[in-house]
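Peer 1: everything below, folded, please.
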Amino acid sequence: MDGFAMEGLLKFAANFGLAGLVLVIWWLDQRTMARMLAQYRQDMVAVLEQYRKDTEAHWKMYEHNVELVKRYGELAADQKDLILMNTQSWTRTQEAIESNRFCPMVRLEKKATGVQG
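Peer 2: Down below sits the predicted model:
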């Protein structure tokens, strides 16, 4: 406290005595506590607002993850179809190679009876 406030307290104490001084000190303490409580409330409001924003961000991430899983499922189904078509194509290619219908010499040899060679 500065000198002016101390001088005022001494005059007040002289007029109202020790009970008045205790009352003033209690009033100053209550005013300080009220300011601290108001600051605490403001801080808690800010913390809760930040928590709400973080929680909303987490929910948005979960929603985006669900969308990602759905799209991944669609991609997997498309990939499955592609693999099936590719397997069918290679199966036809393998059958064509084994039967060798494209070489005229082999076609003539297969028509011959008996052991070739």
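
Peer 1: check which helix or strand Q42 maps to.
Peer 2: helix 3-99 (DSSP states H and E).

Peer 1: show me what that helix is packed up against.
Peer 2: For helix 3-99, the packing partners by 3 or more C-beta pairs under 8 Å, 6 or more residues apart in numbering; DSSP states H and E come out as none at all, with no helix or strand in contact. (C-beta placed from N, C-alpha, C; glycine too.)

Peer 1: going forward, count from 22.
Peer 2: Sure, I'll start numbering at 22, so the last one becomes helix 24-120.

Peer 1: any idea how far it is from the chain center?
Peer 2: On the basis of C-alpha atoms, centre = their mean, to the nearest Å, the separation between the geometric centre of helix 24-120 and that of its chain is 11 Å.

Peer 1: let's test this: mean pLDDT of that helix, rounded?
Peer 2: Averaged across helix 24-120, the pLDDT comes to 88.

Peer 1: so how many other residues sit close to T108?
Peer 2: Other residues near T108 come to 10 when the count uses other C-beta atoms under 10 Å.

Peer 1: equivalent analysis for Q63, please.
Peer 2: By other C-beta under 10 Å, the residues close to Q63 number 10.

Peer 1: any idea how far it is from Q100?
Peer 2: 55 Å (C-beta to C-beta, to the nearest Å).

Peer 1: same deal with H79?
Peer 2: With distances taken as C-beta to C-beta, H79 is found 31 Å from Q100.

Peer 1: likewise L44?
Peer 2: Summarising the geometry, the distance separating L44 from Q100, computed by C-beta to C-beta, is 82 Å.

Peer 1: try A34
Peer 2: As judged by C-beta to C-beta, A34 and Q100 stand 89 Å apart.

Peer 1: also A40?
Peer 2: Counting by C-beta to C-beta, the separation of A40 from Q100 is 88 Å.

Peer 1: show me what contacts the residue most central in space within the chain?
Peer 2: Within the chain, one residue has its C-alpha closest to the average C-alpha position: by C-alpha atoms, centre = their mean, that is M82, at 3.9 Å. For M82, the contact set (C-beta atoms under 8 Å, 6 or more residues apart in numbering) is empty.
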